[in-house]
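Visitor: The following block contains a protein sequence and its predicted model.
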Amino acid sequence: MRILRMAAVSVCALLAASDFSAAQQIIINGPTTDMPAQLPGMGPRQPKTGTARLRGRVLSTETGGPVRRAQVRITGPDIGSKSAMTDAEGRYEFRDLPGGRFNLSANKAGYVTIQYGQTRPFESGKALDLTDGQLMEKADISLPRGSAISGRLVDEFGDPVAEAVVNAMRSVWSGGRRRLQPTGRTATTNDLGQFRIYGLSPGDYYVNAAFRGDAMEMAMAMGMGGSVGSGGPVGSNPNSGYAPTYFPGTANGAEAQKVTLTVGQEAQNTDFALLPVKLAKIAGTVISSEGKPVEGSMINAVPRNADGAGMMMMMMGGNARTDKNGNFTIPNVAPGDYTLQSRVMQFMTSGGGDNMMFTARIGGDNGAEAEVGSLPVTVSGEDLSNVVIVTSKGATASGRLVFDEGSKPSALTSIRVSASAVDAEGPMVSFGGPGSVKADGTFELKSLGGTRIIRAGNLPAGWMLKSVRVNGNDITDSGMDFKPGETISGIEVTLTSKLTEVNGTVKDGSQQAKDYTVVVFADEPQKWTLPNSRYVTATRPDQEGRFQIKNLPAGGYYAIAVDYLAQGEWNDPDVLERLKPKATSVSIGEGDTRTLNLTLR
C-alpha cells in the first residue's frame with residue numbers, strides 16, 4: 001500500500017501543476033549549449049556506445065581525501081543518463097562512451113551536489129568534450145561539505161507540528177519575473193517539530209513550511225475512485241488550518257527573512273510558527289459541453305500568481321474527484337485566489353499487496369478525447385457552494401513538417417511536436433498527448449486551449465527549428481490562441497539543416513581563461529522576454545577552455561564573457577541591460593559558424 005499512496009500523491013501534484021493539454025512529455029526547442037538535450041521522461045533517440053573512457057576521483061574539498069560511495073552521473077543527448085559509484089579511493093570510471101559533449105556531476109549525502117568544472121555556488125558546470133577512442137583521466141570533482149538550516153516548527157499554541165514539509169527556497173528569475181522557488185532540499189518535521197535541511201550550497205535562502213495533514217488519505221480516496229467528503233459516516237473537523245508559512249512567520253514571501261549560509265555552516269534556531277487560517281470548502285458540479293454531469297473528473301484548486309510556496313499549498317491538498325452525478329467537494333482550502341481546473345482521469349491499479357502499482361491516464365473510456373474546464377474563484381474563509389464548471393473540448397490543430405531546400409531526415413516518426421501553454425505568471429509547461437509525427441511528416445495536436453507556443457523536439461542530429469507558420473503568418477515566438485472546439489489546419493513547422501554555431505575562447509589579460517560564463521543575447525530587447533526565448537542563452541567552457549553554442553536563430557546578438565553568473569540569471573532583462581554596454585556585437589546568418597575571441601569582463 002505504501003507504493004500506492006506515494007504514487008497517488010505524485011500524480012495529483014503533477015496534474016495540478018500542469019496545463020490542460022493531455023501531454024505527458026516536456027518538449028523544448030531552442031539554442032543548445034553544453035547542457036544535455038535529454039529531458040525528464042524522454043529517453044535518448046537511440047542509446048549509443050563507443051570506445052571513449054572517462055576516469056576521475058571525487059574528493060573532499062575540506063580534507064582532500066576520497067569521498068567513498070559517492071554517486072557520479074554523466075548525461076548527454078546520445079546516452080541519456082548513466083551513473084557510477086566511487087570506490088574506497090574515491091575513483092570512478094565510465095567506459096564505452098561515444099564521442100560527444102557530456103555533463104558530469106557528483107553527490108553524496110552531507111555534501112553539496114557539484115557539477116564537473118563548477119567552482120562557485122549555483123554556477124553551471126563545464127562540458128566534457130570527448131572524441132571516440134579518447135581516454136580522459138583526472139576528471140576530478142571536489143565536494144564541499146553542505147551547509148544546513150535547522151529549527152523547530154510549532155502551531156499557534158506553541159505545540160510542535162509533526163509531519164510538516166519544510167523547504168529551502170531561493171529567489172530566482174523564472175517565468176518572466178523574480179520569484180521564490182524550492183531548491184529541492186527539504187525536510188520533514190519530527191514529533192518534536194524539529195527539522196534540518198542539509199546539503200545546501202553557500203548562499204541566501206528563504207525557509208517555508210506547509211502542513212501535510214492527511215493529503216495522502218485524500219489522494220488514496222481519489223485513486224480508488226472515491227469522492228472526498230461524500231457519503232458514509234462524517235466526523236467532526238475544525239474549520240481552521242495552516243497556510244504555507246515563511247520564516248519568521250509570514251504568509252507573504254516578500255516579507256520572508258533571508259537566511260545566509262557560508263560553506264559548511266549550520267543556521268540553527270530557525271524557529272517559527274505556522275500561521276492559522278480559516279479553511280473553507282468548495283462544492284460544486286462539473287457539466288460537459290452537452291449539459292451532462294461529468295463523472296471521474298479530477299478537480300484541482302491551483303493558486304493563481306503563486307510562487308513555489310503556493311504550489312506547495314496546492315500539492316498538499318486542494319483537489320477532489322467528481323462522483324457519478326458530477327458533484328465534487330474540496331475541503332480545507334486556505335484563503336486565496338485559485339483557478340479550479342477539471343479534467344477526466346482514469347485511475348488503474350495492478351498487482352496486489354506491497355507490489356500494488358498505481359497509474360493514471362488522461363481521457364475518457366476507450367481513449368475518448370477528454371473535455372477540460374476551468375473557473376477562477378476567490379476563497380476568503382467562507383464555504384463556496386453550487387460552483388459550476390462547464391467543460392468543453394479543446395481545440396485540434398494539424399499540420400506538417402517542412403524542410404529547408406527540400407532535403408529531409410530519413411526517419412521522421414521520432415520527432416515530437418508540442419504546443420506548450422504560455423503562462424504569463426509562470427514557466428511554459430506542457431504535458432501532452434498526441435504529437436508524434438507520422439511517416440509522411442504530418443502531425444495532430446488535441447485538447448488545446450489558450451495561447452500556445454509550438455515547438456518540434458527530439459530532432460535528428462543536424463537539424464534545428466527555423467519557423468512555425470499558420471496561413472503564412474509567423475507564430476514561432478508569438479504563439480497562437482486556441483479557442484475551445486475549433487479546428488486549425490495548415491500549420492507548417494519548418495526545420496532547417498543550416499545550423500548556426502558560435503564558438504571560441506576567452507582571454508583574461510594575456511592568458512586564455514579556463515573558468516567563465518559566456519552569455520549571448522539578441523540585440524533587440526523585446527526578444528529577451530519572449531516565452532522560453534530562443535534568443536537568450538549562456539554556456540560554460542569545456543575542459544580545454546573553449547565554448548560552444550549551437551542552433552541560435554539567425555539575427556543580431558551581443559556576446560559577453562563574465563567571471564561568474566548564477567545559473568538562469570541571464571534570463572533577467574535587468575542583468576542583460578547591465579551586460580549590454582560591454583558586450584561584443586555579432587551577426588549570425590543561416591548556417592553561419594562564428595568564432596569569437598572574447599575578453600573576460
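Guide: Alright, I've got the coordinates.
Visitor: which residues of the stretch 301-450 of the chain fall in strands?
Guide: Taking DSSP state E, counting those that start in this stretch as the criterion, the stretch 301-450 of the chain carries its strands at 319-321, 327-333, 336-350, 357-362, 371-379, 384-390, 392-393, 395-403, 416-421, 442-448, 450-457.
Visitor: Of all these, which one comes closest to I79?
Guide: The closest of the strands of the stretch 301-450 of the chain to I79 is strand 450-457. By CB to CB, the value is 17.8 Å. Glycine gets a C-beta too; all of them are placed from N, C-alpha and C.
Visitor: And the strands of the stretch 301-450 of the chain, which one averages the lowest pLDDT?
Guide: Lowest mean pLDDT within the strands of the stretch 301-450 of the chain: strand 357-362, at a mean of 44.
Visitor: can you give me the helices in the stretch 501-601 of the chain?
Guide: Applying DSSP state H, counting those that start in this stretch to the stretch 501-601 of the chain gives helices spanning 573-579.
Visitor: so what's T500 up against?
Guide: 464, 550-554, 588-593 (CB atoms under 8 Å, 6 or more residues apart in numbering).
Visitor: mind redoing it with 10 Å?
Guide: T500 is in contact with 31, 464, 549-555, 588-594, counting by CB atoms under 10 Å, 6 or more residues apart in numbering.
Visitor: and it, how far is that from E590?
Guide: Distance, T500 to E590, by CB to CB, to the nearest Å: 7 Å.
Visitor: go on, R534?
Guide: Noted for R534: a distance of 14 Å to E590, by CB to CB.
Visitor: sorry, back to before: can you tell me which of the strands of the stretch 301-450 of the chain is nearest to R57?
Guide: It is, among the strands of the stretch 301-450 of the chain and with distance given as CB to CB, strand 450-457, at 36.1 Å.
Visitor: and the helix or strand harbouring R53, average pLDDT?
Guide: Taking DSSP states H and E as the criterion, R53 maps to strand 52-60. Mean pLDDT, computed over strand 52-60, is 96.
Visitor: Dig out what G399 forms beta bridges with.
Guide: Beta-bridge pairing for G399 (DSSP bridges): F443, I491.
Visitor: check contacts around it.
Guide: The contact partners of G399, by CB under 10 Å, 6+ apart, come to 417, 437, 441-445, 454, 468-470, 488-493.
Visitor: rewinding a little: return every residue with contacts to both of T500 and E590.
Guide: Counting by CB under 10 Å, 6+ apart, the shared contacts of T500 and E590 are 553-554.
Visitor: Got the domain ranges for this structure?
Guide: According to automatic domain parsing, the chain comprises the domains 31-143, 148-229+239-390, 394-496, 501-599.
Visitor: Comparing those domains by mean pLDDT, which bottoms out?
Guide: Mean pLDDT values for the domains of the chain show the minimum at domain 148-229+239-390, a mean of 80.
Visitor: Dump stretch 171-188 to CSV, keeping only the CA atoms.
Guide: The C-alpha trace of stretch 171-188 is given here as CSV (Å, rounded to 0.1, in the frame of the first residue of the first chain):
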residue,chain,number,x,y,z
SER,A,171,15.0,34.0,-5.2
VAL,A,172,15.4,33.2,-8.9
TRP,A,173,14.4,34.7,-12.3
SER,A,174,11.7,32.4,-13.7
GLY,A,175,8.7,32.7,-16.0
GLY,A,176,9.2,36.4,-16.7
ARG,A,177,9.7,37.6,-13.1
ARG,A,178,11.7,37.1,-9.9
ARG,A,179,10.1,34.6,-7.6
LEU,A,180,10.9,32.2,-4.7
GLN,A,181,11.3,28.6,-5.9
PRO,A,182,12.2,25.4,-4.0
THR,A,183,15.8,24.2,-4.3
GLY,A,184,14.8,20.6,-4.0
ARG,A,185,16.3,20.3,-0.5
THR,A,186,13.5,19.6,2.0
ALA,A,187,13.0,18.2,5.5
THR,A,188,10.0,16.7,7.4
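Visitor: how about that stretch: buried residues?
Guide: For stretch 171-188, a neighbour-count test (16 or more other CB atoms under 10 Å) marks 171-176, 179-183, 185, 187 as buried.
Visitor: repeat for stretch 89-101
Guide: For stretch 89-101, burial by neighbour count (16+ other CB under 10 Å) applies to 90-92, 94, 97-98, 100-101.
Visitor: for these, which one is nearest T539?
Guide: T539 has its nearest neighbour among those in R101, at 10.4 Å by CB to CB.
Visitor: Filter the contacts of T500 down to the buried ones and hand me the PyMOL line.
Guide: Provided next is the PyMOL selection string for whichever of those are buried by 16+ other CB under 10 Å:
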select buried, resi 31+464+549+550+551+552+553+555+588+594
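Visitor: Next, count neighbours for the closest residue to K527 other than its chain neighbours.
Guide: Ranked by CB to CB, 6 or more residues apart in numbering and with sequence neighbours excluded, the top spatial neighbour of K527 is Y535, at 4.1 Å. Neighbour count for Y535, taken as other CB atoms under 10 Å: 21.
Visitor: residues contacting Y535?
Guide: Residues in contact with Y535 (CB under 10 Å, 6+ apart) are 30-31, 477, 520-524, 526-528, 552-553, 555-557.
Visitor: at 7 Å what do you get?
Guide: Contacts for Y535 (CB atoms under 7 Å, 6 or more residues apart in numbering) come out as 521-522, 527, 553.
Visitor: cool, G90 as well?
Guide: Shown in contact with G90 (CB under 7 Å, 6+ apart): 57-59, 66-68.
Visitor: hang on, the earlier thing: quick one: which of the contacts of Y535 is the most crowded by neighbours?
Guide: Highest count within the contacts of Y535 by other CB under 10 Å belongs to F521, 26 neighbours.
Visitor: Help me confirm that R170 comes into contact with T183.
Guide: Yes - at 5.6 Å, R170 and T183 qualify as touching, with contact defined as CB atoms under 7 Å.
Visitor: Tell me where the stretch 51-200 of the chain has strands.
Guide: Counting by DSSP E, counting those that start in this stretch, the strands of the stretch 51-200 of the chain are 52-60, 71-76, 80-85, 91-97, 100-107, 114-115, 128-130, 135-136, 141-143, 147-154, 164-174, 177-188, 194-200.
Visitor: Relative to E444, how far out is the nearest residue to E486 once chain neighbours are set aside?
Guide: With CB to CB, 6+ apart as the criterion, E486 has its nearest non-adjacent residue at 4.7 Å, and that residue is A395. Distance of A395 to E444, given as CB to CB: 11 Å.
Visitor: before we move on, what about E255?
Guide: 48 Å.
Visitor: do A273 as well
Guide: Separation of A273 from E444 (CB to CB) stands at 53 Å.
Visitor: Also K393?
Guide: Relative to E444, K393 is positioned 14 Å away (CB to CB).
Visitor: next one: R546
Guide: From R546 across to E444, the span is 42 Å (CB to CB).
Visitor: Which residues are in contact with S385?
Guide: Taking CB under 7 Å, 6+ apart as the criterion, S385 is in contact with A283.
Visitor: Would you indicate which residues of the helix or strand hosting D481 are buried?
Guide: Using DSSP H and E, the element containing D481 is strand 480-482. Buried residues in strand 480-482, defined by neighbour count with 16+ other CB under 10 Å: 480, 482.
Visitor: before we move on, back to that, more neighbours, A273 and E444?
Guide: Set A273 next to E444 and count neighbours by other CB under 10 Å: A273 wins out with 20 against 17.
Visitor: burial of the nearest residue to the more buried one once chain neighbours are set aside, as a residue count?
Guide: Using CB to CB, 6+ apart and skipping the chain neighbours, the partner closest in space to A273 is V154 (5.0 Å). V154 has 16 neighbouring residues, counting by other CB under 10 Å.
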